[in-house]
Every structure is written in C-alpha cells, then in structure tokens.
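Chemist: after the sequence you'll find the predicted model.
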Amino acid sequence: MSVSAERVRDLAFELVGVRSPTGDTARVARLYARRLTEIGMDVMVLDDHFPATPTVIGRLRGGERGPTVVLNGHLDTVEIPHAAPHIDGDVVCGRGSADMKGALASAAEAVRVLGEQGGFKGEVAIVATGLHEAPDGRGEDLTHLLGEQGFTADYAIVCELAAHEAIVAHLGSATFEITISRPGMPMHELEAPRGTPHPLLAAGQVINAIARRTAELAETEHPFVGAETFFIGEVHGGDFYNRHPTTCRLVGTRRWAPTNSLAAVETELRELLAEIAKVTLCEIALDLRLVRGAYEIDPSHPLLLALQDSYREVTGRELAQGGLKTVADGAIFAAAGIPSVYHGPKGCGAHADEEQMPVAELVRAAEVYVTLLNRLLS
Ligand SMILES: [Zn+2]
C-alpha cells in the first residue's frame, strides 16, 4: 500500500481553503471534481436540481464485473467563523478539516491507490454532496440522488464519524418549531378581557410537558444509542413588559431510537399539543421536520465485519461496536436499501471555533478504505 501522507494532506488543505458553507458549495465541488478526474475517475457534476450545491460523482471501474462500493461525504461546512486555514506541523487546521473535507481527501487518496494497484472487480464510486449540515441542509441532495436519480450501489461507506468504533446504530433526529397563538392584537395587559388566551402561559405548559416526557424517555436505555431525547433550545415571545402577547414560538429537537419512528414521534407530539391547546384556548401549530432517520445495521453484517477486519489489519487494534446519538448520512443509504457503515479520520472541533485534523488520521483512514475496498472488490 502506498498511501501518500503528502498528497492526502495537500488535498485536505486545498479543499479547506475554499469556503463552502451549506448551500454554497459549487466552487469546492468543481475543485474536488477536478482532483478526482486527475486520479483517473470518470466524474460527473450534477447541477441541474441543486445548482448551488452540485453533487460530485466519481467512478473507477475494475477489470471484471463485481459490486459497486460508494465512498460518501459532504463538502459543506457549518457557517461558523474560523481562523484562516493553515498547516501546523502534522495537523491541518481550518473550517471543514475535521467535518469533513479531510475525510474526502482520504477517500480520493484511497481510490488513487486502488487504481494504481489495479486488478479489482466491480467499481468504486465517490459521492460528495453539499446539503448536509442542518438546519439548512437535511441531505436533500443525497436523498434525491438515491431516489429520483436512481443512483445505487451494493455497499456504502460514509466517510465520517466512527474513527475508532464500529457504529451499529444511531438515533434519528427532527427539529420542531411550535407556534402558539391567540386571535387579535397585542394590547395593554389591563385592556385584555378576562380569559383572553395567553400564549406565554400556554408555552409554559408545553415546556413542562416536554420536561415530563424527557424524564420518561430517560428511563429507557436503548442498546447502543441510550435514551431518546426531547430538547428545547429557543423560546421567543412577548415584546413589552405590560403588553398581552399574541404569539410564542418554541424551537428544539426530538431524537428517537431505531425501534421508534418519525411518524410515531409526530403523533405523540401532536396529541400532547392538542391537549394543551384545548385547555389554554390557544392555537398551537407544529412544524416537525426530519433531519435524518435513525440508523442500524445487523452487528454481524458482512460489510460491518469487513470494516472491522480492515481496521484490525491496518492498525493492529480491534474496532469495537458501539452507537451514536448524532445523525449522519448512513441513514439515507440504509433507507434506500443500501447497506452502509460509518468510518472516518478522527479530527477535533467539528462545529467548534477551531477544527483540526491530524495528517496521521487522514493516512490511517485512507489505508482502512483501501483495505476494505480490496476486501469488497476482490
Ligand atoms: Zn459532517
């Protein structure tokens, strides 16, 4: 194996150098597409449905028929200001270095090595998207690619998270926005007739109900993913100390285990809100939007075992099975019927003020990808 630390570092640094917040990734997508072409891949840049976030698809075919394995990642980053990209010793620093342009550099390097080796069956593909990070991205482009566009594969490797763990399950996640309102205009508190519905007091009841439900959920630990959660992050309401308000808005998340579903979560939340609406005489509207579904893979699935074997071969260590609370794109592949695993290089500072990715991790991930691709395509 001849993974080049220099090449993978330089590509990671080059990708990090192009700003690409969620929804605005065209420049970095075209750069990545050029680099994939240079390593011998057939590359398409799909920009008809999502022109501001083109999907990059690279393909490299082996000599004989065989399965298709796709390496997947996102080129968008969270839009949080970051110091200018730089290389600090053996660490690539900059927004997106850890989440997850470094991983896409590792994927490209793995395909380059596989192509140089030759003699593999089937096909390896790389798919890079630009609508990943919520709330602006919810994987719409990847969902569209695997749905309407009919892209398919036999196995998917989602190149982030799980650097030193074999993920067998993660929670699903949705954002909620609850709008509580009453008819009429805001008015002086003393002008409001007795019994005028009060959206802030109704919001208090909703918050209490969510707190009670959170405590109930905390009692059930699901294997690998722990307890489901219900979380409020924002409360907005009222505009003056003695005005009787007309609206209040609550924003947060609901996360569920693979044994539960978005539909069931939605039904439960709507029932809870309907009851409070009846008691408070307020109108309560719910906007519940999927971020990603829950994910699980059979702990004895051949793809997962092949990943564990490949990790052991490269590192000499065991890749223990575990679970995650965060969501990612394995759920989209799984929902499309494509078995998927998570594996990426381990950086630090995803979504934090400072992101860093050690070059050694980029190399390790690329080596695991090469080993895994050789197993799946031989
Ligand atoms: Zn990410």
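Modeler: Arrived safely, thanks for sending. Just so we're clear, the structure is a prediction, and the values are computed from it rather than from any experiment. Numbering: from 1, shown residues only.
Chemist: pLDDT weak spots in the protein?
Modeler: Scanning the chain with the threshold set as pLDDT under 70 gives 1.
Chemist: give me every residue in it lying close to the ion.
Modeler: Proximity of the chain to the ion (CB under 5 Å from the ion) is limited to residues 99-100, 160. (Glycine included, C-beta is placed from N, CA and C.)
Chemist: narrow those residues to just the buried residues.
Modeler: Buried members of those, scored by 16 or more other CB atoms under 10 Å, are 99-100, 160.
Chemist: residue boundaries of the helices in the stretch 151-300 of the chain?
Modeler: 199-217, 262-280 (DSSP state H, counting those that start in this stretch).
Chemist: give me whichever of the ones you listed is most buried.
Modeler: helix 199-217 (a mean of 17; mean count of other CB atoms under 10 Å).
Chemist: also compute the angle for that one relative to helix 262-280, please.
Modeler: Between helix 199-217 and helix 262-280, the angle comes out at 140 degrees (axes from the mean of the first three to the mean of the last three CA atoms, to 10 degrees).
Chemist: for helix 199-217, the distance to its chain's centre please.
Modeler: Put simply, helix 199-217 sits 28 Å off its chain's centre (CA atoms, centre = their mean, to the nearest Å).
Chemist: with stretch 59-79 instead?
Modeler: Using CA atoms, centre = their mean, the mean C-alpha position of stretch 59-79 is found 17 Å from that of the whole chain.
Chemist: first-to-last residue distance for it?
Modeler: The first and last residues of stretch 59-79 sit 30 Å apart, counting by CA to CA, to the nearest Å.
Chemist: list the buried ones in that stretch?
Modeler: For stretch 59-79, a neighbour-count test (16+ other CB under 10 Å) marks 59-62, 66, 68-78 as buried.
Chemist: go through these and flag which are in strands.
Modeler: 59-61, 66, 68-74 (DSSP state E).
Chemist: who wins for proximity to residue 377 among the helices of the stretch 151-300 of the chain?
Modeler: Comparison of the helices of the stretch 151-300 of the chain against residue 377 by CB to CB identifies helix 262-280 as nearest, at 34.9 Å.
Chemist: what comes into contact with that closest one?
Modeler: With contact meaning CB atoms under 8 Å, 6 or more residues apart in numbering, helix 262-280 is reached by 172, 174, 176, 178, 180, 197-198, 201-202, 205-206, 209, 213, 254, 256, 282-284, 286, 288, 290, 293.
Chemist: switch the cut-off to 7 Å
Modeler: 172, 174, 176, 178, 197, 201-202, 205-206, 209, 254, 256, 283-284, 286, 288, 290, 293 (CB atoms under 7 Å, 6 or more residues apart in numbering).
Chemist: which of the residues you listed are buried?
Modeler: Buried residues within the contacts of helix 262-280, defined by neighbour count using 16+ other CB under 10 Å: 172, 174, 176, 178, 197, 202, 205-206, 209, 254, 256, 284, 290, 293.
Chemist: returning to that earlier point: and of the ones in strands among the buried residues of stretch 59-79, the nearest to the ion?
Modeler: For these, the closest approach to the ion (CB to the ion) belongs to residue 74, at 5.6 Å.
Chemist: not counting sequence-adjacent ones, nearest residue to the closest one?
Modeler: With CB to CB, 6 or more residues apart in numbering as the criterion, residue 74 has its nearest non-adjacent residue at 3.4 Å, and that residue is residue 132.
Chemist: returning to what we had before: out of the contacts of helix 262-280, list just those in strands.
Modeler: Within the contacts of helix 262-280, residues falling in strands by DSSP E are 172, 174, 176, 178, 254, 256, 283-284, 286, 288, 290.
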